[in-house]
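**Student:** can't give you the sequence, but here's the structure:
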């Protein structure tokens with residue numbers, strides 16, 4: 001018999017930490033956070049945000065307003081799967097990657113201080129650890 005418990009942590013990370021190692025390709029999937037975050041695990045839908053929704057995410061970050069919490073699950077190999085926040089995460093990563101512009105401005109065209117503001121923007125993520133405990137039974141009992 002196993003006993004399952006969940007440990008929940010609230011962690012702040014910057015956009016710069018999130019987008020580090022961003023990769024979006026069919027073979028290796030969609031990853032970020034130094035390759036440790038699986039943004040699109042098998043149970044996630046494809047990216048569906050329209051241009052307006054995607055731009056609103058970036059506008060929110062540029063204005064310093066809070067985004068909703070991102071939910072990550074820590075897996076057995078100490079990497080993470082994104083449980084909630086895929087659309088926002090991909091919007092941020094693609095913008096910083098230069099895949100699209102907002103109001104005709106790409107990230108790399110922004111003044112240095114605006115780029116720094118975006119890179120230093122703090123995201124709140126909730127990290128779940130699912131813990132399994134296997135009670136030890138002495139063979140002679």
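**Tutor:** That came through fine. Just so we're clear, the structure is a prediction, and the values are computed from it rather than from any experiment.
**Student:** which stretches of this structure aren't confidently modelled?
**Tutor:** Scanning the chain for pLDDT under 70 picks out the ranges 1-6, 26-28, 128-141.
**Student:** Tell me who's in contact with the most centrally placed residue in it.
**Tutor:** The centre of the chain sits closest to residue 89, judged by CA atoms, centre = their mean, with a distance of 5.1 Å. Contacts for residue 89 (CB atoms under 8 Å, 6 or more residues apart in numbering) come out as 18, 32, 37, 39, 70, 82. (Each C-beta comes from the backbone N, C-alpha and C, glycine too.)
**Student:** any idea which of the residues you listed is closest to residue 102?
**Tutor:** Ranked by distance to residue 102 (CB to CB), the contacts of residue 89 are led by residue 18 at 17.6 Å.
**Student:** before we move on, the earlier item: filter the contacts of residue 89 down to the ones in helices?
**Tutor:** If you go by DSSP state H, these have residue 18 in helices.
**Student:** Mind checking which of the contacts of residue 89 are in strands?
**Tutor:** 32, 37, 70, 82 (DSSP state E).
**Student:** From residue 62, how far off is residue 45?
**Tutor:** From residue 45 across to residue 62, the span is 26 Å (CB to CB, to the nearest Å).
**Student:** Neighbour count for the two, which is higher?
**Tutor:** residue 62 (17 against 8; other CB atoms under 10 Å).
**Student:** which element is the more buried one on?
**Tutor:** helix 51-63 (DSSP states H and E).
**Student:** same question, residue 127
**Tutor:** strand 122-133.
**Student:** Not counting sequence-adjacent ones, nearest residue to residue 62?
**Tutor:** residue 118 (6.6 Å; CB to CB, 6 or more residues apart in numbering).
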